[in-house]
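Student: based on what follows, work out the 3D shape:
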Amino acid sequence: MEPVSTIAGRAYPFGRKNVDTDVIIPAKWLKTITRSGLSRGAFETVRAEDGNVFDDPDFAGAPVLIAGDNFGCGSSREHAAWALDDMGIKAVIAPSFSDIFSGNAFKNGLLTVVLPQDAVDRLLVVAAAGDPIHIDLEAQSVTTEYQDRFRFEIDPFRKSCLMAGTDEIALTLGSDTSIARHEARQPDWLSPKEIA
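Tutor: Modelled structure (predicted):
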């Protein structure tokens, strides 16, 4: 997982409420065994609408998505976080997130920023104008060129992991000495046996 400290650039001014994971990545795209290529199916139903923000070349490659309340509700598909990452999105700002989506996003290095609705509304205006948004994870702030500054809260453990680029595998590997000591103390009957 890549470390996250600052994310800056244009933002997709999406703003819709109750966007579920099937909208983020439809079920027919879940057959893949790789994370790459999911951006082709991301927001497929939204992209079928004329004038949608995801096909607007002005926002192509934007690292931030500004969404509405309850973003990522629905099924627990981790592919939703993978699809956003494959689009180049590194952070999603919304008034609230589904717990499961927020957990999947964190495990995949995608920052979820919870801000009040009035702050999200202001950022939607800034983003729609094509002006950049700057997220500083260490300072826990979102700023714009117009002197807007919005502070956000984040779990200290998640913040530490994101800033260090530490995922669950790295956390486990960091305890390999303790795990080996524990396994060495186990009785023989708990040790794996070879099957003849």
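Student: so D136 sits against A91, correct?
Tutor: No - taking contacts as Cβ atoms under 8 Å, D136 lies outside contact range of A91: 11.0 Å. All C-beta atoms are positioned from the backbone trio N, CA, C, and that covers glycine.
Student: separation between the spatially most central residue of the chain and M87?
Tutor: Note on the chain: the residue nearest the mean C-alpha position is L110, at 2.7 Å, using Cα atoms, centre = their mean. Distance, L110 to M87, using Cβ to Cβ, to the nearest Å: 11 Å.
Student: now do A8
Tutor: Distance from A8 to M87, by Cβ to Cβ: 17 Å.
Student: got it, and S141?
Tutor: Taking Cβ to Cβ, one finds S141 at 24 Å from M87.
Student: more neighbours: these two, which one.
Tutor: A side-by-side neighbour count of S141 and M87, using other Cβ atoms under 10 Å, places M87 first with 21 against 15.
Student: give me the three-state assignment for the residue nearest to I25 when sequence neighbours are not counted.
Tutor: Distances taken as Cβ to Cβ, 6 or more residues apart in numbering place A83 nearest to I25, at 4.1 Å, with adjacent residues excluded. Put simply, A83 is helix when judged by DSSP: H, G, I helix; E, B strand; the rest coil.
Student: strands of the chain, residue ranges please.
Tutor: For the chain, strands defined by DSSP state E occupy the ranges 6-9, 11-13, 64-66, 91-94, 111-114, 133-136, 141-144, 149-151.
Student: deepest-packed of those, please.
Tutor: strand 64-66 (a mean of 28; mean count of other Cβ atoms under 10 Å).
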